[in-house]
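*Asks:* Just a sequence and a predicted model for now, questions to come.
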Amino acid sequence: MRFTLTTLLVAPAALIAVPALAQEPRQVESVMTDESVIAITEVADDLTDPWAIAFLPDGRMLVTEKGGTLLRLSADGQQRTTIEGTPSVFTQGQGGLMDIAVHPDFASNRMVYIAFAEHGDADTAGTALGRGLLNGDRLEGFEVIWRQQPKVSGPNHFGNRIVFGNDGKLFLALGERFKFEPAQDRSNTLGAVVRLNDDGSIPGDNPFVGGGGAAEAIWSYGHRNIEAAALDPETGQVWVTEMGPLGGDELNLIERGGNYGWPVVSWGINYNGVNIPDPTEFPQYVDAVHQWSPVRSPSGMIVYTGDRFPQWQGDILFGSLSAGGVELVDMEAGEVAGTQFIPMNTRIREVEQGPDGYIYLIAEREGKNMSAIWRMESMEVRPPSADGDRSGAGARR
């Protein structure tokens, strides 16, 4: 069943620090997966180009809008406040105010981290990471603590996902700014995953510290464009799904010092139709754990640890921009046991687990006040199929 949220809810423009005059959260759709019937509830609408969600300990949400606005939403989505003190951002193409994360010790230090596209000289831009102290309705003392180098021209492939490791170190997943070859050059941080201390300084055990000209922030390199990354808290491993060219989206387990091969190898082909060697032809590169063709265009990702969907504990879920839904990756002992696409009929920009154990999504629609935050809720658990297969697509109801 095709649905359009704008026909279901009509809400006024967002107000600052007052209740939004929208209807209470309501179910707008249900989706049948291999194991569950999932209710899709709209929590908030009237959003313009939202990009990421970070939950505060009390269940409220911090939501970035790509144009430069940072919102705080109540847990039920019915109240919203604009948070002041955010940085100026480069908003061309894929750039803008992008990922957001709260410090693991937020309850005591109130620190909020933002990754964004930053203006450079002339027509250049690059990813930057900053932090500030959330005090009331303002980020105080916001400062940039790390910058991708070099800044280059062009509006694409900023990457921008923040992951805190179990040891408190910070990983920032980046794109190669659509420049291809620099992803193989360790003197820059285009197409890299970098690892930092929480103040932006370089950990002494990074693989290329003292490495004769290599950028010491690099943890792994040879990536194309990463907009989906997550920590498995049980193992401490960092996983990313990155966008391939024509075909070849990849699920990668990030290894210290690993070279993931872009643009020398890929499971996809170039936009002009020219073939790219498969990773298996060059074993010196780290190969993907799994790959997708046609592409999913991954954005936003979790390793699920809650109790609302016990059948998914330890599994990976990520948003799909091009296919319009959520990809569920069944993980067993660090291996992919199967995948299942859950159709949502709209671009899913973000996937985040709330403190209540539900799964929250950003449903992205072009246009002012057109996007929304949805919540996935399990309505019932279906008995497993006779062969236990989880590789099929979900069905809409």
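*Replies:* In hand now; what should we look at?
*Asks:* Show me where the stretch 1-150 of the chain has its helices.
*Replies:* Shown for the stretch 1-150 of the chain, the helices assigned by DSSP state H, counting those that start in this stretch span residues 5-8, 106-109.
*Asks:* where among these is the average confidence lowest?
*Replies:* Of all the helices of the stretch 1-150 of the chain, mean pLDDT reaches its minimum on helix 5-8 (a mean of 26).
*Asks:* Run through the protein and note the low-pLDDT ranges.
*Replies:* For the chain, applying pLDDT under 70 flags the ranges 1-26, 28, 381-397.
*Asks:* most centrally placed residue in it?
*Replies:* Taking C-alpha atoms, centre = their mean, the centroid of the chain lies closest to Gly300, which sits 2.6 Å from it.
*Asks:* pretty sure it is touching Gln353, no?
*Replies:* No. Gly300 is not in contact with Gln353 according to C-beta atoms under 8 Å; the separation is 10.9 Å. Quick note: C-beta positions are derived from backbone N, CA and C, even for glycine.
*Asks:* Quickly list what's touching both of these two.
*Replies:* Listed contacts common to Gly300 and Gln353 are nil; contacts here mean C-beta atoms under 8 Å, 6 or more residues apart in numbering.
*Asks:* And Thr280, its phi and psi?
*Replies:* Thr280 adopts backbone torsions of phi -70, psi -20, taken as degrees, to the nearest 10.
*Asks:* Please report how far it lies from Val265.
*Replies:* Counting by C-beta to C-beta, to the nearest Å, the gap from Thr280 to Val265 is 8 Å.
*Asks:* the strands in the stretch 1-150 of the chain, which residues?
*Replies:* 18-19, 26-32, 36-47, 50-55, 61-65, 70-73, 79-83, 97-102, 111-119, 124-135, 138-147 (DSSP state E, counting those that start in this stretch).
*Asks:* Could you dump those strands into CSV and include distance to Tyr221 and mean neighbour count?
*Replies:* What follows is the strands of the stretch 1-150 of the chain, written out as CSV (distance: least, C-beta to C-beta, whole Å; neighbours: other C-beta atoms under 10 Å):
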stretch, distance to Tyr221, mean neighbour count
strand 18-19, 47, 10
strand 26-32, 37, 17
strand 36-47, 34, 22
strand 50-55, 24, 23
strand 61-65, 26, 24
strand 70-73, 30, 21
strand 79-83, 34, 19
strand 97-102, 19, 23
strand 111-119, 18, 24
strand 124-135, 15, 21
strand 138-147, 16, 16
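*Asks:* export those strands to a markdown table and tack on distance to Thr189?
*Replies:* Formatted as a markdown table, the strands of the stretch 1-150 of the chain follow (distance: least, C-beta to C-beta, whole Å):
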| stretch | distance to Thr189 |
| --- | --- |
| strand 18-19 | 42 |
| strand 26-32 | 39 |
| strand 36-47 | 31 |
| strand 50-55 | 20 |
| strand 61-65 | 22 |
| strand 70-73 | 25 |
| strand 79-83 | 28 |
| strand 97-102 | 16 |
| strand 111-119 | 13 |
| strand 124-135 | 8 |
| strand 138-147 | 9 |
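*Asks:* between these, which gets nearest to Met379?
*Replies:* In terms of C-beta to C-beta, the element of the strands of the stretch 1-150 of the chain nearest to Met379 is strand 36-47, at 4.5 Å.
*Asks:* Check which helices and strands that closest one is in contact with.
*Replies:* Of the remaining helices and strands, those touching strand 36-47 by 3 or more C-beta pairs under 8 Å, 6 or more residues apart in numbering; DSSP states H and E are helix 5-8, strand 26-32, strand 70-73, strand 371-381.
*Asks:* and Glu227, which of these is closest to it?
*Replies:* Nearest of these to Glu227, taken as C-beta to C-beta: strand 371-381 at 15.9 Å.
*Asks:* How many residues are close by Pro245?
*Replies:* By other C-beta atoms under 10 Å, 21 other residues sit near Pro245.
*Asks:* Gly96 touches Phe90, doesn't it?
*Replies:* Yes. Contact criterion C-beta under 8 Å: Gly96 and Phe90 qualify, at 7.3 Å.
*Asks:* Between those two, which contacts overlap?
*Replies:* Listed as contacting both Gly96 and Phe90 by C-beta under 8 Å, 6+ apart are 116-117.
*Asks:* the more surrounded of those two?
*Replies:* Just comparing Gly96 and Phe90: by other C-beta under 10 Å the higher neighbour count belongs to Phe90, 24 against 21.
*Asks:* re the thing from before, closest one to Arg365 among the strands of the stretch 1-150 of the chain?
*Replies:* Judged by C-beta to C-beta, the one of the strands of the stretch 1-150 of the chain that comes nearest to Arg365 is strand 36-47, at 9.3 Å.
*Asks:* Check the offset of the closest one from the chain's centre.
*Replies:* 18 Å (C-alpha atoms, centre = their mean, to the nearest Å).
*Asks:* Tell me the neighbouring strands of that strand, and mark each as parallel or antiparallel.
*Replies:* Taking DSSP bridges as the criterion, strand 36-47 forms sheet pairs with strand 26-32 (antiparallel), strand 371-381 (antiparallel).
*Asks:* Now these in JSON lines, please, with extra columns for distance to Gly324.
*Replies:* As requested, those are exported to JSON lines (distance: least, C-beta to C-beta, whole Å):
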{"stretch": "strand 26-32", "distance to Gly324": "12"}
{"stretch": "strand 371-381", "distance to Gly324": "13"}
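*Asks:* To Tyr285, which of these lies closest?
*Replies:* When these are compared by C-beta to C-beta, strand 371-381 sits nearest Tyr285, at 35.2 Å.
*Asks:* quick one on the thing from earlier: which secondary structure element contains the residue nearest to the centre of the chain?
*Replies:* Counting by DSSP states H and E, the element that carries Gly300 is strand 298-303.
*Asks:* helices or strands up against the following helix or strand past that strand?
*Replies:* Sequence order places strand 316-320 as the next helix or strand after strand 298-303, per DSSP H and E. Contact here means 3+ C-beta pairs under 8 Å, 6+ apart; on that basis strand 316-320 packs against strand 226-232, strand 237-242, strand 298-303, strand 325-332, strand 347-353, strand 359-364.
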